[in-house]
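Q: return a 3D structure for these sequence lines:
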Amino acid sequence: MRVHELMSSAVVAVGPKTPLREVLQLMLRRHLNNVLVVDDNQALLGVLTYSDLTRRLLPTYEDLARHEEYITTPESMEDRVTEVANTPVEDIMTRKVITVSPNIEVLKASATMVAHRVKQLPVVRDHKVVGIITHTDVGWGMMKQYPECLLGERHTRYPPK
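A: Alright, predicted model coming up:
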């Protein structure tokens, strides 16, 4: 089974100049943990993850040491959040993104996800994003391909005896 058989071609992507405010709204509205960042030709530039956002929004230890008011009056962080909200996505996105080809074996893509501790991979052909494959896609694909191994023989027959 190949990646192109299981991937989703419905990819959520934004441009590099998109303000974080818009990206966060998109992520909240669609319940996403990350968004791809692409140029006008759909070439992958990076990915913005929930972790990237959290690291930027929340103060570091150094910030807390310099701004004691963040601890004593958390409302004082509103200015920080407002400032961060206007930051373009390219300023905090992860640039080194692991990708896969649509023609590789699904199990190889799955092994890549495990090795790099990610839950999804952009699928790229000729330097353009053509889809995304998730660990959930891989799981469903394996259940379809090997139902008797994963579910047992009694679950692969319809109607049941």
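Q: could you pull out the helices for this structure?
A: When secondary structure is read from DSSP state H, the chain shows helices at 3-6, 20-30, 50-57, 61-66, 69-72, 78-85, 106-116, 135-145, 147-151.
Q: okay, those helices, which one's buried deepest?
A: A comparison of the helices of the chain by mean neighbour count, using mean count of other C-beta atoms under 10 Å, puts helix 3-6 on top with a mean of 20. Yep, even glycine has a C-beta here, placed from its N, CA and C like the rest.
Q: what does it contact?
A: The contact list for helix 3-6, computed with C-beta atoms under 8 Å, 6 or more residues apart in numbering, reads 100-106, 109, 123, 131, 133, 137-138, 140-141.
Q: so for Met93, which of the helices of the chain sits nearest?
A: Distances from Met93 to each of these were compared using C-beta to C-beta; the minimum, 6.5 Å, belongs to helix 50-57.
Q: CA atoms of that closest one as PDB?
A: Taking Å, rounded to 0.1, in the frame of the first residue of the first chain, the C-alpha atoms of helix 50-57 are listed here in PDB:
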ATOM      1  CA  TYR A  50       0.500  24.000  18.600                       C
ATOM      2  CA  SER A  51       3.800  23.600  20.400                       C
ATOM      3  CA  ASP A  52       5.300  26.500  18.400                       C
ATOM      4  CA  LEU A  53       2.400  28.700  19.300                       C
ATOM      5  CA  THR A  54       2.600  27.700  23.000                       C
ATOM      6  CA  ARG A  55       6.300  28.400  23.200                       C
ATOM      7  CA  ARG A  56       5.700  31.900  21.700                       C
ATOM      8  CA  LEU A  57       2.700  32.800  23.700                       C
END
